[in-house]
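>>> Can you look at this prediction? I've put the sequence above it.
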Amino acid sequence: MTVDEELGVLESQLRRLKIEYEIFFSNPQKKPPADLEWKVLALLRKFSDGARMGFSQRFRYNAIAQRYAIYSDLWRKKSRIREEGYRRPQDALLSVQGVREEEHTTEHKVYGLSHAHDRDGHFVVHCADPSAETEKVEKLFMALSDAKKKAGENVSGSLESFTSFVQKKTDQLRKQYKCQEVEYSVDVADGKVKLTAKART
């Protein structure tokens, strides 16, 4: 089975696990779907190092892992409430609500990169030497691609060509402004995605 096929299985199992948990929480006689959750966790662990995956596959895996983390946190809270009983009105509400991803968009807007956003929700990263800071460039590429998808724009170009562009731009701005780092930001203005580069003194 290829990596893409296994990721497809993982997505399918996660959808089924979500349904099984919804059934579990609505039926006092049901047991939690521990076996299915174990299978999901086993696949998540299998690909956690990213060694066998290309960039697009890691992007897909990160999205699945983020969804599971959100679901798991809610299931844990609901299980605790189920075991201890409803102590507060908001607990009763939590026990019956479903998992809707839009409730958590701020947590995984750019797949785990929310910590790198500024107060306006823009993605910001600082680069001094992109060739040595591949993780930063990869996250910037992911943020740009994700923002374009959400805005309905075409996502074109490879990570390699984007890395080359960032390297040239960084070298150019560092030489021109005699700065140590270049700040790259991704933001959306009037429905259009914009990538900005500026010297950071």
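That came through fine.
>>> Determine the set of other helices and strands touching the helix or strand containing residue 164.
Assigned by DSSP states H and E, residue 164 belongs to helix 159-177. Under the contact definition 3 or more C-beta pairs under 8 Å, 6 or more residues apart in numbering; DSSP states H and E, helix 159-177 sits against helix 134-151, strand 181-189, strand 192-200. Where you see a C-beta, it was placed from the backbone N, CA and C, and this is true even at glycine.
>>> Kindly list the longest helix within this structure.
helix 55-84 (DSSP state H).
>>> So for that one, mean pLDDT?
Average pLDDT, helix 55-84: 84.
>>> Can you list the buried residues in that helix?
Across helix 55-84, burial judged by 16 or more other C-beta atoms under 10 Å covers 57-68, 70-71, 74-75, 78, 81.
>>> Now do the same contact list for residue 188.
Residue 188 makes contacts with 147, 150-151, 194, as judged by C-beta atoms under 8 Å, 6 or more residues apart in numbering.
>>> so who does residue 174 touch?
128, 180-182, 199.
>>> can you redo these as JSON lines with pLDDT, neighbour count and distance to residue 141?
Conversion of the contacts of residue 174 to JSON lines gives the following (pLDDT from 0 to 100; neighbours: other C-beta atoms under 10 Å; distance: C-beta to C-beta, whole Å):
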{"residue": "128", "pLDDT": "89", "neighbour count": "14", "distance to residue 141": "18"}
{"residue": "180", "pLDDT": "88", "neighbour count": "11", "distance to residue 141": "22"}
{"residue": "181", "pLDDT": "90", "neighbour count": "16", "distance to residue 141": "18"}
{"residue": "182", "pLDDT": "90", "neighbour count": "22", "distance to residue 141": "15"}
{"residue": "199", "pLDDT": "88", "neighbour count": "16", "distance to residue 141": "21"}
